[in-house]
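Asks: Below: sequence and its predicted model.
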Amino acid sequence: MTKQAGYEVSSGGRSGTWAPLKILPFRAFWFAALGSNIGTWINGVSSAWVMTDLSPSPVMVSLVQAATSLPMVLFALAAGALTDIVDRRRYLLFTQIWMAAAATMLTILAAIEQIDIWNLLILTFALGIGASLATPALNVTAPELVPRSMLPEAVALSSLSMNLSRSLGPAIAGVLLAQIGPWAAYGLNALSFIGMIVVLWRWKREPEERSLPPERFFQALRAGVRYAHVASPFRAVLIRTTAFILFAASGWALLPLIARVELAGGPGTYGLLLSFVGLGAVGAILFLPRLHELLSRDHLVLGASLVYAATIIALATLRNEAALCGAMIVSGAAWVGVLWSLQVAAQTAVPAWVRGRALSLYIMVFSGGMALGSLVWGWVAASTTVPAALLLSSGGIMVAALAVRNFSLGPREIPDLAPSYHWLHPPTVEESDLRRGPVLVTVEYEIALGQRKAFLEAIRPLGAMRRRDGAFAWGIFEDLDKPGRYIEFFQQDSWLDHLRQHARVTREDQRVQENVNRFHTGNEAPRVSHFIAGAPAASTDSTAATGT
């Protein structure tokens, strides 16, 4: 048993969908996020509807979605790096105050009837900047607040918060737009940030113990991109997210025009359709963790993608409001089925040291797909018709889902990515030499001649792990004068980077290394040697240098 924030939980097994809410810090964040998400949906629905008043062009309406998503593409990766290297509490406080200020400006402009196309897009973009900076940090908070065994439930509850807000926010927005005006909707969004600001202000986050100095900003960016490139389960998350969202964005971008033009409705109609999407998503969230026990994430993503494509066809063809609301329930369930599976895979595929950067890449890919997809399908709708654009995108969802189905999201079981600390401590160098490099590490193996092929197969994953954790080169060579004697090498930019690699090796990596070491036939463990380039920063005389 382990304790998390005063609540005793089992370190293994499943604890039920609601178990993370028994942990006080997670519960406080969850309710604060729910209030903030409701405000965000109120703002999004209001801006999309206001734009249909300012310009009925499909391109201009889709620009609202693009202005929301584009900042995620531009700033999410930088936000992920900051999440991993700065004080997260202060950083999140800044983002919430920024968004509250932007929402207040929208409120004032709407109240004095000075809102136009461009200040609407600019302030929507400003809100998007705040969201892009905050989202990676908020997403990595759940793993920090709950035990590893509860992570799927924590992700499900976070999705539940988002989709409850998707049900409530549009309905509230529809009432406010119809009965009072856009300023009331924008004002409520501005107030919705107060809860998160209070929770962050009171959050007593334990400072991380760092034995090494934090990575520099651009070094952290590079490490995050390298990790995503080499780690195949996480790379699969990015590929499957791209394949889905580029086509699925059409439903969100064109829904305001379906409500206003095809159904001849008002803001209440648009809010009602979004509310039914949220209801379907909420219902699905309650069952997804149990469904995952029966189906792999790969099968869930494929099945939910095909169902979502069918609901886009319904959106293009149905003109009965009641029937369309029913289709929206299914659409919400399918949408969250895809995203929950991808989010769980993204959260569980990366260790803590790079989680902010990895999740920011996921957010960047998702938001980039939303922005690009919204613009493309808005242009297609303007060039043809809204139903034609939806039908084309539905076909694209089906083809893309089938094309990428072999990119596996990883095993159903959550991998143990906690640091293993099983490597022997490396040689000590002077603090002034920590940035000296590059560094060359060699490992010598003695392999039975009949086991050489199996050994080379076993060590390949280890090479990927070396590169993933910071090595810029890796290789394995056999001694021609002594067949069966192998030298593995890997290189890092500096001694400090090699020390960081020691801290990044996980228990899953340890299992791979133990599998490699079982091929070693020597009497002692494989010999590890360290070499470093350049002259030491501290001068030494020749006697000390030669050891004589």
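Replies: Happy to help now that I have it.

Asks: Which pLDDT does the model give Gly35?
Replies: Gly35 is assigned a predicted lDDT (pLDDT) of 89.

Asks: repeat for the one 4 residues further on
Replies: Listed pLDDT for Gly39 reads 89.

Asks: so it is in which element?
Replies: Gly39 is part of helix 24-54, with elements assigned from DSSP states H and E.

Asks: helices or strands next to the helix or strand just after that helix in the packing?
Replies: Later in the chain than helix 24-54, the nearest helix or strand by DSSP H and E is helix 58-85. Applying 3 or more CB pairs under 8 Å, 6 or more residues apart in numbering; DSSP states H and E, one finds that helix 58-85 contacts helix 24-54, helix 117-139, helix 217-230, helix 232-257, helix 355-383. Placement of C-beta: from N, CA and C, glycine included.

Asks: Quick one: distance of the second one to the chain centre.
Replies: Helix 117-139 has its C-alpha centroid displaced from the chain centroid by 17 Å (CA atoms, centre = their mean, to the nearest Å).

Asks: What are the buried residues along it?
Replies: Neighbour counts over helix 117-139 (16 or more other CB atoms under 10 Å) mark 120-121, 123-139 as buried.

Asks: Next up, the contacts around the residue positioned nearest the centre of the chain.
Replies: Geometric centre of the chain, nearest residue: Leu359, 2.9 Å, by CA atoms, centre = their mean. Residues in contact with Leu359 (CB atoms under 8 Å, 6 or more residues apart in numbering) are Gly80, Pro136, Asn139, Val140, Ala346, Gln347, Val350.

Asks: Torsion angles phi and psi at the last one?
Replies: For Val350, the backbone dihedrals are phi -130, psi 150 (criterion: degrees, to the nearest 10).

Asks: so how far is Thr506 from it?
Replies: To Thr506, Val350 is 10 Å away according to CB to CB, to the nearest Å.

Asks: So which of these two has more stuff around it?
Replies: Val350 (28 against 21; other CB atoms under 10 Å).

Asks: and stretch 523-536, average pLDDT?
Replies: 86.

Asks: so where's the chain uncertain?
Replies: 1-17, 142-143, 148, 163, 166-167, 205-215, 218, 412, 431-432, 537-548 (pLDDT under 70).

Asks: Domain-wise, how is it divided?
Replies: Domain assignment for the chain by automatic domain parsing gives 20-204+217-403, 431-536.

Asks: so which of the ones you listed comes closest to Tyr421?
Replies: With CB to CB as the measure, domain 431-536 is the member of the domains of the chain nearest Tyr421 (7.6 Å).

Asks: all strands for the chain, in order.
Replies: 2-4, 7-9, 439-446, 473-478, 485-492, 527-532 (DSSP state E).

Asks: Tell me where the stretch 251-400 of the chain has helices.
Replies: In the stretch 251-400 of the chain, the helices defined using DSSP state H, counting those that start in this stretch lie at 267-294, 297-317, 321-348, 355-383, 386-403.

Asks: would you list those in a markdown table and tack on distance to His498?
Replies: Below are the helices of the stretch 251-400 of the chain laid out as a markdown table (distance: least, CB to CB, whole Å):
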| stretch | distance to His498 |
| --- | --- |
| helix 267-294 | 38 |
| helix 297-317 | 34 |
| helix 321-348 | 27 |
| helix 355-383 | 20 |
| helix 386-403 | 40 |
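
Asks: Out of the ones you listed, flag the one nearest Leu257.
Replies: Among the helices of the stretch 251-400 of the chain, helix 386-403 sits nearest to Leu257 (CB to CB), with 5.2 Å.

Asks: mind listing what's buried in that closest one?
Replies: For helix 386-403, by 16+ other CB under 10 Å, it's 386-387, 389-394, 396-398, 400-401.

Asks: now what about that helix, what contacts it?
Replies: Under the contact criterion CB under 8 Å, 6+ apart, helix 386-403 has outside partners 58, 243-244, 246-251, 254, 257-258, 261-262, 301-302, 305-306, 308-310, 312-313, 315-317, 373, 377-378, 380-381.

Asks: Pull out the buried residues from those residues.
Replies: 58, 243-244, 246-251, 254, 257-258, 262, 301-302, 305, 308-310, 312-313, 315-316, 373, 377-378, 380-381.

Asks: Residues that sit against both of Val350 and Thr506, list them.
Replies: With CB under 8 Å, 6+ apart, Val350 and Thr506 have common neighbours Leu417.

Asks: Setting aside sequence neighbours, what's the nearest residue to Val73?
Replies: Distances taken as CB to CB, 6 or more residues apart in numbering put Gly368 closest to Val73, at 4.1 Å, once the chain neighbours are dropped.

Asks: and Ser55, how many neighbours?
Replies: 13.

Asks: mind checking how far the closest residue to it other than its chain neighbours is from Leu372?
Replies: In this structure, Ser55 finds its nearest non-sequential neighbour in Ile117, 6.1 Å apart by CB to CB, 6+ apart. Ile117 sits at a distance of 21 Å from Leu372 (criterion: CB to CB).

Asks: Pull the most distant pair out of the buried residues of helix 386-403.
Replies: The span of those, defined through CB to CB, is set by Val386 and Ala401 at 22.8 Å.

Asks: Next up, the contacts around Trp353.
Replies: Asp84, Ala503, Arg504.

Asks: Can you get me a residue count around the last one?
Replies: Neighbour count for Arg504, taken as other CB under 10 Å: 21.

Asks: where's it relative to Thr68, distance?
Replies: Counting by CB to CB - Arg504 and Thr68 are separated by 34 Å.

Asks: can I assume Leu456 is in contact with Ile476?
Replies: Yes: in this structure Leu456 lies within contact range of Ile476 using CB atoms under 8 Å: 6.8 Å.

Asks: now the strands of the chain as JSON lines including distance to Ser331 and mean neighbour count?
Replies: What follows is these, written out as JSON lines (distance: least, CB to CB, whole Å; neighbours: other CB atoms under 10 Å):
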{"stretch": "strand 2-4", "distance to Ser331": "35", "mean neighbour count": "13"}
{"stretch": "strand 7-9", "distance to Ser331": "35", "mean neighbour count": "16"}
{"stretch": "strand 439-446", "distance to Ser331": "52", "mean neighbour count": "18"}
{"stretch": "strand 473-478", "distance to Ser331": "46", "mean neighbour count": "14"}
{"stretch": "strand 485-492", "distance to Ser331": "48", "mean neighbour count": "20"}
{"stretch": "strand 527-532", "distance to Ser331": "55", "mean neighbour count": "13"}
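
Asks: Nearest to Tyr91, out of those strands?
Replies: strand 2-4 (22.8 Å).

Asks: Of the strands of the chain, give the one that comes closest to Val429.
Replies: Of all these, it is strand 527-532 that lies closest to Val429, at 7.6 Å by CB to CB.

Asks: Pick the one among the contacts of Leu359 closest to Ile38.
Replies: For the contacts of Leu359, the nearest to Ile38 is Asn139 (18.5 Å; CB to CB).

Asks: Let me see the contact set for the closest one.
Replies: Contacts of Asn139 (CB under 8 Å, 6+ apart): Ser158, Gln347, Leu359, Ile363.

Asks: same thing but at 6 Å, please
Replies: Leu359 (CB atoms under 6 Å, 6 or more residues apart in numbering).

Asks: Pro536 too?
Replies: Counting by CB under 6 Å, 6+ apart, Pro536 makes contact with Asp433.

Asks: just Phe472 next, same as before
Replies: Taking CB under 6 Å, 6+ apart as the test, what Phe472 contacts is Gln491.

Asks: So what does it have for phi and psi?
Replies: phi -90, psi -10.

Asks: if I look at it, how far off is Gly437?
Replies: Distance, Phe472 to Gly437, by CB to CB: 10 Å.
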